[in-house]
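Engineer: This is a predicted model, with the sequence first.
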Amino acid sequence: MKILVTGSCGLIGSEVCIYFAKQEHKIYGVDNNQRSVFFGPQGDTSWNQKKLQSTLKNYEHITIDIRNRQGVLDMVEQIRPDAIIHTAAQPSHDRAAAIPFEDFDTNAVGTHNLLEAVRRSCPESSFVHMSTNKVYGDAPNYLNLQESETRWDYADNIFEHGIPETFTIDQSKHSLFGASKVAADIMVQEYGRYFNIPTCCLRGGCLTGPNHSGVELHGFLSYLIKCNLEKKEYKIFGYKGKQVRDNIHSLDVALFIDNFLKAPRIAEVYNLGGGKENSCSILEAFSITEGITNIPQVYTYVEENRSGDHICYYSDLRKMKEHYPDWDITKSLQITFEEIVDSWHKRLKN
Ligand SMILES: NC(=O)c1ccc[n+]([C@@H]2O[C@H](COP(=O)([O-])OP(=O)(O)OC[C@H]3O[C@@H](n4cnc5c(N)ncnc54)[C@H](O)[C@@H]3O)[C@@H](O)[C@H]2O)c1
């Protein structure tokens, strides 16, 4: 297959490129290192571009901005990929408020450019879109919650497996980022339903792994572990540090995409996270990291939570497992932490 991967130098994009290149597919990677524009030098992903180009013989890099409509239309017409895996985005909700036009143009309009290019040039190709759990806004915060010593959790049994895809996306606070991702998510579904294109939206929880260039505003686990190793202060924003995230290793994201491409469906939506088993609070993340590095976490507590931030979120994975029974989480929380520690050790030495 010819596979077009947008955001190819980011966390998910690079994992997907490596995964599918190993299966001898031809990979076209699109990335203009916009992450370094969004987040400054700490967010630079050019190290990953060099790595992909030097290690994958069937990888071709295209430095194009997905906001460049004509450029995107021409590129897709020329390549006519068999599958598109769209991971390029402005990924931070805090950052979106400072750069609202760039955020919407990238997340909503950039996605639309790609969808229309696919409809015109290769409508039979599968389109996988990385969406986010922020499409649910802060509605999960209004569920009944229970507090324990180290975490928040859902109090009602109907959510014992986590948040399902049927959860409301309406009438809650999303952040501008969440809103631009809702626009993209609905557009991807619409191109599926209206034009019969095999599309899916993967509404990610915390996607993580050793290839993340974690920064304070995006990539919580990667950034938390980096702070630990550098003995740098980590700031907890509100909720007593008991806010819960479900963490999924980027390889498990790639494995799910592989399953979808082998048996694509039309206009599907999945909540893709680590699920309850791979969930942890910030306080619990400190303990796991300290257990691996033996370095006490330095942190401060800021009373005010991030606007619209989830108190407790973990994905209900049952729909994914029902549609794709061969897929399951392969990387435990402990292994994921260990890999991130190992990766930062190596990167901080250079
Ligand atoms: N990491 C997470 O925790 C998480 C959670 C939920 C959803 N997601 C979604 O998954 C996707 C991938 O996230 P990630 O963590 O890999 O992000 P990332 O920032 O690591 O990667 C995105 C890549 O896209 C590139 N990019 C951004 N704007 C571009 C543009 N206009 N043109 C070309 N390239 C551009 C960036 O340079 C970067 O390399 C995003 O859609 C994000 O919203 C991520």
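Structural biologist: Arrived safely, thanks for sending.
Engineer: Which strands or helices does the longest helix along the chain pack on?
Structural biologist: Longest helix in the chain by number of residues, with DSSP state H as the criterion: helix 175-195. Packing partners of helix 175-195 (3 or more C-beta pairs under 8 Å, 6 or more residues apart in numbering; DSSP states H and E): helix 93-98, helix 100-104, helix 110-121, strand 126-132, strand 199-204, strand 268-272. The way it works is simple: take the backbone N, C-alpha and C, and place the C-beta from them, glycine included.
Engineer: mind listing the helices for the stretch 1-150 of the chain?
Structural biologist: 11-22, 34-39, 46-55, 69-79, 93-98, 100-104, 110-121 (DSSP state H, counting those that start in this stretch).
Engineer: Buried deepest among these, which one?
Structural biologist: Among the helices of the stretch 1-150 of the chain, helix 11-22 has the highest mean neighbour count (mean count of other C-beta atoms under 10 Å), at a mean of 24.
Engineer: do it and the ligand meet at all?
Structural biologist: Yes: Helix 11-22 is in contact with the ligand by C-beta under 6 Å from any ligand atom, via L11, I12, G13.
Engineer: so how far is stretch 328-338 from its chain's centroid?
Structural biologist: 16 Å (C-alpha atoms, centre = their mean, to the nearest Å).
Engineer: and that stretch, average pLDDT?
Structural biologist: The pLDDT scores in stretch 328-338 average 97.
Engineer: What is the end-to-end distance of it?
Structural biologist: 20 Å (C-alpha to C-alpha, to the nearest Å).
Engineer: Okay, buried residues for it please.
Structural biologist: I329, K331, L333, T336, F337, E338 (16 or more other C-beta atoms under 10 Å).
Engineer: Quick check: L114 touching I66?
Structural biologist: Yes: assessed by C-beta atoms under 8 Å, L114 is found in contact with I66 at 6.4 Å.
Engineer: count of neighbours near the nearest residue to G71 once chain neighbours are set aside?
Structural biologist: Leaving aside its sequence neighbours, G71 sits nearest to I64 (C-beta to C-beta, 6 or more residues apart in numbering; 5.0 Å). Applying other C-beta atoms under 10 Å, we find 16 residues neighbouring I64.
Engineer: if I pick the closest residue to A267 other than its chain neighbours, what's in contact with it?
Structural biologist: Spatial nearest neighbour of A267, excluding adjacent residues (C-beta to C-beta, 6+ apart): G192 at 3.0 Å. Counting by C-beta atoms under 8 Å, 6 or more residues apart in numbering, G192 touches F127, P198, T199, C200, I266, A267, E268.
Engineer: residue contacts, the residue of the chain found nearest the ligand?
Structural biologist: Scanning the chain for the residue nearest the ligand gives G10, at 1.8 Å (criterion: C-beta to the nearest ligand atom). Residues near G10 by C-beta under 8 Å, 6+ apart: D31, R35, T45, N48, T87, A88, P91.
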